[in-house]
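Participant: One predicted model, sequence on top.
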Amino acid sequence: MNDHHSRKGKLYLVPAPLDFGCGTQSPITDVLPELTLRTAASLQHWICENAKSARAYLKRVGEHTPLIAPIQQMQLQELPREAHKKGDHGGKSGAVFDAKALLAPALAGHDMGLVSEAGMPAVADPGSSIVRAAHDAGIPVIPLVGPVSLLMTLAASGLNGQNFAFVGYLPQDASQRTQRIKELEQLAQRHNQAQLFIETPYRNPALWQALLTSLQANTRLVMASGLTLESASIQSRYVKDWKKLGTAPDNRTPVVFAIGQ
């Protein structure tokens, strides 16, 4: 009997709170369910975006559920820098590396966790290369329950939740960014498809100004920040109304933007 598959560990996709980098944090039990916390506490082998933030996350988990081992004994492997700077989904600008090498503990029979700095790994965060390699190697992939800022924003936006697209980051070059904004607006109008995107916090004001300048007056523009925190703000208004308010996003807080009808 071939039990090779049964000897392999599992790869758990472990969500992290959305308050990474924020001045305040929510109690971890407010945003992650018991099963997610227990599973995270039971894992000693990790693949992470950043070892320092992964240790901080495990410390928060350990304050609620005892960890299987001291944090100093956790086996933490960082994703290559290229994967979380340029993306790890292949293509012309995506990172290409042997992700299977990071899965050696799972191939040896140990369960592993994949965690990014905030939210669900591999969704608007690096990790998809690890997931693909796990599938190719016959390692079971198990996503755990936790907050996903994109879906929370969509649900609270009033935009079309039956037809939507997440398009990542918009171009940094001003003219290219304007062209991309208009392309997304046309898609939203033509197909009634909500368009979601994000930006590095310190570039939020520049993107916001470009949105107000480039979008049509009756396009609905959504800005969501601080999700899961007491300071959470989700606002959905027509562009013409945003212009009257003179509101701008914080340049220190991650924001999810969306446009549509």
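Facilitator: All right, it came through fine. For clarity, every value in this text was computed on a predicted model and none was experimentally measured.
Participant: Would you indicate which residues of the helix or strand where Leu154 lies are buried?
Facilitator: Under DSSP states H and E, the secondary-structure element containing Leu154 is helix 149-157. Buried residues in helix 149-157, counted by 16 or more other Cβ atoms under 10 Å: 149-154, 156-157. Heads up, the C-betas are built off the backbone N, CA and C, glycines and all.
Participant: What segments of the stretch 101-250 of the chain are helices?
Facilitator: Applying DSSP state H, counting those that start in this stretch to the stretch 101-250 of the chain gives helices spanning 104-107, 128-136, 149-157, 174-191, 204-214, 239-245.
Participant: Serialize these to TSV and add fields for distance to Gln73.
Facilitator: Formatted as TSV, the entries for the helices of the stretch 101-250 of the chain read as follows, by distance: least, Cβ to Cβ, whole Å:
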stretch	distance to Gln73
helix 104-107	14
helix 128-136	22
helix 149-157	32
helix 174-191	46
helix 204-214	39
helix 239-245	51
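Participant: Relative to Thr36, which of the ones you listed is closest?
Facilitator: Nearest to Thr36, of all the helices of the stretch 101-250 of the chain, is helix 149-157, at 16.2 Å by Cβ to Cβ.
Participant: Show me what the helix holding Leu154 packs onto, helices and strands only.
Facilitator: strand 194-199, strand 220-225, strand 233-238, strand 255-260 (3 or more Cβ pairs under 8 Å, 6 or more residues apart in numbering; DSSP states H and E).
Participant: would you list those in JSON lines and tack on mean neighbour count, mean pLDDT and distance to Leu102?
Facilitator: Below are the helices and strands packed on helix 149-157 laid out as JSON lines (neighbours: other Cβ atoms under 10 Å; pLDDT from 0 to 100; distance: least, Cβ to Cβ, whole Å):
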{"stretch": "strand 194-199", "mean neighbour count": "23", "mean pLDDT": "96", "distance to Leu102": "25"}
{"stretch": "strand 220-225", "mean neighbour count": "23", "mean pLDDT": "97", "distance to Leu102": "32"}
{"stretch": "strand 233-238", "mean neighbour count": "16", "mean pLDDT": "96", "distance to Leu102": "36"}
{"stretch": "strand 255-260", "mean neighbour count": "24", "mean pLDDT": "97", "distance to Leu102": "29"}
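Participant: would CSV of the ones you listed with distance to Arg81 be doable?
Facilitator: Compiled in CSV, the helices and strands packed on helix 149-157 are given as follows (distance: least, Cβ to Cβ, whole Å):
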stretch, distance to Arg81
strand 194-199, 20
strand 220-225, 27
strand 233-238, 32
strand 255-260, 24
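Participant: mind checking which of these is nearest Ala134?
Facilitator: Judging the helices and strands packed on helix 149-157 by Cβ to Cβ, what sits closest to Ala134 is strand 194-199, at 25.4 Å.
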